[in-house]
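[1] fold the following for me, if possible:
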Amino acid sequence: MIDKPRFIADAMLGSLAKWLRIMGFDTLYYRVIEDRELVRIAKQEGRTILSKDNALCRSKKTGESLLIQSDKTVEQLKEVMNACHIVPDLMQAYMRCTLCNGKLLPAERSAVSTEVPDYVLQGTNAFLKCGECGKVYWEGSHKKIIDAVIVAIIEDIGDY
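    Numbering: from 1, shown residues only. Purely as a prediction, here's the structure:
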């Protein structure tokens with residue numbers, strides 16, 4: 001099995017980081033981080049830096065990096081997929097917390113009953129909970145939209 005790439009996105013790429021997490025990619029993101037610290041974490045943890053900062057990506061001290069050109073999140077996702085020769089897999093999606101990058105774990109309905117609205121609890125049987133921050137997830141109406149975006153990216157980038 002090929003190891004999935006691990007990323008760290010700079011402060012300008014919060015939406016990209018969130019979508020990579022949705023797709024199941026281990027992606028760190030900090031709203032505020034110095035370039036020096038970003039590079040240190042990337043090197044220490046074997047992560048590819050995703051940045052819109054041309055000077056940062058060109059620096060010999062940076063290590064593995066990818067300069068993101070587009071300002072549109074879907075196009076940014078395609079840039080990452082093409083550059084890293086990866087194709088998102090719907091079976092690997094929804095495995096990471098969009099807030100903190102923690103792994104999502106199955107949660108019993110009774111364990112999350114006080115953390116979700118009553119209407120969700122009544123109409124939903126499957127829940128996931130972040131092992132790090134505790135955020136609870138369930139399949140909502142927005143999942144179809146997210147799946148459609150992922151499928152469109154898969155179809156657009158082709159196979160590697």
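
[2] contacting residues around the lengthiest helix in the chain?
    The longest helix of the chain (DSSP state H) is helix 142-157. By Cβ atoms under 8 Å, 6 or more residues apart in numbering, the residues outside helix 142-157 that reach it are 19, 22, 23, 74, 77, 78, 81, 82, 87, 88, 90, 93. The way it works is simple: take the backbone N, C-alpha and C, and place the C-beta from them, glycine included.

[3] mind checking the SS state of the spatially most central residue of the chain?
    In the chain, the residue lying closest to the centroid (Cα atoms, centre = their mean) is residue 21, at 1.7 Å. In three-state terms, and counting by DSSP: H, G, I helix; E, B strand; the rest coil, residue 21 is helix.

[4] wait, it sits on residue 96?
    Yes. With contact defined as Cβ atoms under 8 Å, residue 21 reaches residue 96; the gap is 4.2 Å.

[5] shouldn't residue 49 be within a helix?
    No. Assigned with three-state DSSP, residue 49 falls outside any helix and is strand.

[6] that one and residue 37, how far apart?
    11 Å (Cβ to Cβ, to the nearest Å).

[7] the two: which is more packed in?
    A count of neighbours by other Cβ atoms under 10 Å puts residue 49 above the other of residue 49 and residue 37, at 26 against 12.

[8] please tell me how far the more buried one sits from residue 119.
    From residue 49 across to residue 119, the span is 42 Å (Cβ to Cβ).

[9] and for residue 17?
    Residue 17 sits 30 Å away from residue 119, going by Cβ to Cβ.

[10] between these two, who's got more neighbours?
    A direct count of neighbours by other Cβ under 10 Å for residue 17 and residue 119 places residue 17 higher, at 24 against 8.

[11] skipping adjacent residues, who's closest to residue 32 in space?
    Once flanking residues are discounted, residue 32 sits nearest to residue 11: 6.2 Å by Cβ to Cβ, 6 or more residues apart in numbering.
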